[in-house]
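Novice: the sequence isn't on hand, but the structure is:
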């Protein structure tokens, strides 16, 4: 673990002037730029754990969530583990393991959510377990033929989940994704039906769900910039985040590059080469990647996909691994008005996954693919 030492090298500053663009995001306040603009931000590293061989190793981190007491809950999927870190990065609790006993997981845990009273929900394929803040199992939801994507808590402390049917036969029949309260299997809202898709496809629209707090959950489809903020008790739309964005078209050179690289990986196998040659691509690129609450206060952070096309957008090359998805649009947590855009620290392979009133937490992958957790304190200059 590497706590903040106050050294200059641990402070990362991103600053830029506003850019005047003719889009729907406008602000008539004096001195506030019109259109998408970068905010001046300071990131101070609070701790970084898992990057040093002498520290606890992580296998595959898939989900992070801050608890009300400031602790960070980490799901290490391939280790079948749930880990709790205090605000200084010290390990205070761990549970899990592969098995069928209390607190163990038969399938790899994937997502985590924390309620207002500190209870922890963890999903694992077709099951969601609920634990006390001390890691004691207090309930389980077995979903039979439904598999789980994202999870959250509602205002009454019950678990909500994005569940889906038809996933295992997606190329043969339609699939349906729904927002469901697991206690009584009540469906609060259904995403548009997903039509049958080819065996190998890139960039086709997918759903996005994110629990914001016990009162609100965000739902969207990632091919257009419209995010509904729903009441967790009723599923009804309580607010909306939208930008007038025309998604980028999928470049022909990108399609060619992906095909050629996969055919090369086929190693002369004619059947694999034929499949790669016939793969399909969506006409446009995804514009949304993630949504979460972050600093300062109740600000909504929207991680932009590569399909957002404005003057802040990075170029689209034919190497997906080289794409820089480091831009986050910030919106007021009460009015849902656009405030500005933040560029995450210039750290290779760093993805922000969660936030609280002052900090962000993210997954860092080094050049060998080793996972570690970084927590940074955020200060935004000239906050409106």
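Specialist: Nice, I can see it. As the structure is a prediction and not an experimental result, all values here were calculated from the model.

Novice: following the helix or strand hosting residue 362, which helix or strand shows up next?
Specialist: Element membership for residue 362 (DSSP states H and E) is strand 359-365. Counting by DSSP H and E, the next helix or strand C-terminal to strand 359-365 is strand 371-380.

Novice: buried residues, that following strand. List them.
Specialist: Burial within strand 371-380, assessed by neighbour count using 16 or more other Cβ atoms under 10 Å, is assigned to 371-376, 378, 380. Heads up, the C-betas are built off the backbone N, CA and C, glycines and all.

Novice: quick one: low-confidence ranges for this structure?
Specialist: Under the criterion pLDDT under 70, the flagged ranges of the chain are 1-34, 166-174, 196-199, 384.

Novice: just the helices in it please.
Specialist: Along the chain, the stretches classed as helices by DSSP state H are 252-265, 270-277.

Novice: can you lay out these as TSV showing mean neighbour count and distance to residue 118?
Specialist: Converted to TSV, the helices of the chain look like this (neighbours: other Cβ atoms under 10 Å; distance: least, Cβ to Cβ, whole Å):
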stretch	mean neighbour count	distance to residue 118
helix 252-265	14	44
helix 270-277	13	48
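
Novice: right, so of the ones you listed, which gets closest to residue 188?
Specialist: Smallest distance to residue 188 across the helices of the chain (Cβ to Cβ): 36.9 Å, for helix 252-265.

Novice: chain center to the closest one, what's the gap?
Specialist: Centre-to-centre, helix 252-265 and its host chain are 27 Å apart (Cα atoms, centre = their mean, to the nearest Å).

Novice: which elements pack onto it?
Specialist: With contacts taken as 3 or more Cβ pairs under 8 Å, 6 or more residues apart in numbering; DSSP states H and E, helix 252-265 sits against helix 270-277.

Novice: which residues are contacting the helix it packs on?
Specialist: 199-200, 259, 262-263, 266 (Cβ atoms under 8 Å, 6 or more residues apart in numbering).

Novice: stretch 304-311 too?
Specialist: Against stretch 304-311 from outside (Cβ under 8 Å, 6+ apart): 19, 21, 23, 35-36, 222-223, 225, 245-248, 284-289, 313-314, 316, 323, 325, 327-329, 341.

Novice: inside strands: which ones of those residues?
Specialist: Among those, the members found in strands (DSSP state E) are 288-289, 327-329, 341.

Novice: now, of the contacts of stretch 304-311, which are buried?
Specialist: Buried, going by 16+ other Cβ under 10 Å: 35-36, 222-223, 225, 245, 247-248, 284-289, 313, 316, 325, 327-329, 341, out of the contacts of stretch 304-311.

Novice: before we move on, the earlier item: need the contacts of helix 270-277 in TSV (columns: distance to residue 90).
Specialist: Compiled in TSV, these are given as follows (distance: Cβ to Cβ, whole Å):
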residue	distance to residue 90
199	47
200	45
259	48
262	44
263	49
266	47
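
Novice: who's in contact with the closest residue to residue 126 other than its chain neighbours?
Specialist: Spatial nearest neighbour of residue 126, chain neighbours left out: residue 143 (4.4 Å); criterion: Cβ to Cβ, 6 or more residues apart in numbering. Contact analysis of residue 143 by Cβ under 8 Å, 6+ apart lists 126-128, 161, 163, 182.

Novice: now, among these, which is nearest to residue 101?
Specialist: Closest to residue 101, out of all of those and judged by Cβ to Cβ, is residue 127, at 13.9 Å.

Novice: was I right to think the closest one contacts residue 144?
Specialist: No - taking contacts as Cβ atoms under 8 Å, residue 127 lies outside contact range of residue 144: 9.9 Å.

Novice: nearest residue to the middle of this protein?
Specialist: residue 290 (4.0 Å; Cα atoms, centre = their mean).

Novice: check contacts around that residue.
Specialist: Neighbours of residue 290 in contact, by Cβ under 8 Å, 6+ apart: 208, 210, 301-303, 352-353.

Novice: name all residues that make contact with residue 191.
Specialist: Residue 191 neighbours (Cβ under 8 Å, 6+ apart): 176-179, 207, 219, 221.

Novice: er, residue 176 actually
Specialist: 164-166, 190-191, 193-194.

Novice: circling back: out of the contacts of residue 143, who's nearest residue 252?
Specialist: The closest of the contacts of residue 143, once distances to residue 252 are taken by Cβ to Cβ, is residue 163, at 36.7 Å.

Novice: who are the contact partners of the closest one?
Specialist: If you count contacts by Cβ under 8 Å, 6+ apart, residue 163 has them with 143, 146-149, 177-178, 180.

Novice: got CSV for those, with distance to residue 99 too?
Specialist: Formatted as CSV, the contacts of residue 163 follow (distance: Cβ to Cβ, whole Å):
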residue, distance to residue 99
143, 19
146, 23
147, 21
148, 20
149, 24
177, 30
178, 30
180, 27
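
Novice: thinking again about what came up before, ok, which of the helices of the chain comes nearest residue 157?
Specialist: Set against residue 157 and scored by Cβ to Cβ, these come closest in helix 252-265, at 44.6 Å.

Novice: burial measure for residue 145, as a count.
Specialist: 9 (other Cβ atoms under 10 Å).

Novice: run through the bridge partners of the nearest residue to it once chain neighbours are set aside.
Specialist: Excluding the flanking residues, the one nearest residue 145 by Cβ to Cβ, 6+ apart is residue 165, at 6.7 Å. Taking DSSP bridges, one obtains residue 176 as the residues bridged to residue 165.

Novice: mind listing what's buried along stretch 57-73?
Specialist: Going by neighbour count (16+ other Cβ under 10 Å), the buried part of stretch 57-73 is 58, 61-67, 71-73.
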